[in-house]
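Student: attaching a predicted model along with its sequence, questions to come.
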Amino acid sequence: MASGVSVADLCITTYQQLKLGKKFKYVIFTLNDTLSQIVVDKTSDASSYDAFVEDLPKDQCRWAVYDFDFRKGREEE
């Protein structure tokens, strides 16, 4: 069953730039004014997780992708 909400082409392109190109640290998505399409709301290359959280609105819904860096196990010294 389709919801009637589409995804803007820029969302796909921007996500690929984050995922493959590491151009952004995070991308925030929202609905357009007519609630008919998911669009890019904000991109950032800020490495601070706190900056990411601050960019999320307190009283509105958003979708977001954050490129979290982690290391498995202990690093060799």
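Tutor: Here it is on my side, so go on.
Student: CA only for contacts and neighbour counts going forward, please
Tutor: OK.
Student: quick one: the strands in this structure?
Tutor: For the chain, the strands defined by DSSP state E cover 6-7, 26-31, 37-44, 63-66.
Student: what sits up against stretch 40-58?
Tutor: Stretch 40-58 is contacted by residues 10-11, 14, 23-30, 62, 66 when judged by CA atoms under 8 Å, 6 or more residues apart in numbering.
Student: for that stretch, measure first residue to last.
Tutor: Start-to-end span of stretch 40-58 (CA to CA, to the nearest Å) is 18 Å.
Student: next, the buried residues of it.
Tutor: For stretch 40-58, the neighbour count (16 or more other CA atoms under 10 Å) marks 40-41, 43-44, 52 as buried.
Student: just send those residues back as a markdown table, with pLDDT and distance to Ser6 too.
Tutor: As requested, the buried residues of stretch 40-58 are exported to a markdown table (pLDDT from 0 to 100; distance: CA to CA, whole Å):
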| residue | pLDDT | distance to Ser6 |
| --- | --- | --- |
| Val40 | 98 | 13 |
| Asp41 | 98 | 15 |
| Thr43 | 97 | 20 |
| Ser44 | 97 | 23 |
| Phe52 | 96 | 25 |
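Student: ok, of those residues, which one's closest to Arg74?
Tutor: Nearest to Arg74 among those, counting by CA to CA, is Phe52 at 26.8 Å.
Student: hmm, who's touching stretch 5-17?
Tutor: Contacts to stretch 5-17, defined as CA under 8 Å, 6+ apart, come from residues 23-24, 27, 29, 35-40, 65.
Student: ok, the nearest residue in space to Ile28 that is not next to it in sequence to Thr43 distance?
Tutor: With CA to CA, 6 or more residues apart in numbering as the measure, Ala64 is the residue that lies nearest to Ile28, at 4.3 Å, once sequence neighbours are left out. Separation of Ala64 from Thr43 (CA to CA): 10 Å.
Student: if we can go back for a sec, turn the buried residues of stretch 40-58 into a markdown table, including distance to Phe70.
Tutor: Compiled in a markdown table, the buried residues of stretch 40-58 are given as follows (distance: CA to CA, whole Å):
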| residue | distance to Phe70 |
| --- | --- |
| Val40 | 26 |
| Asp41 | 26 |
| Thr43 | 21 |
| Ser44 | 19 |
| Phe52 | 17 |
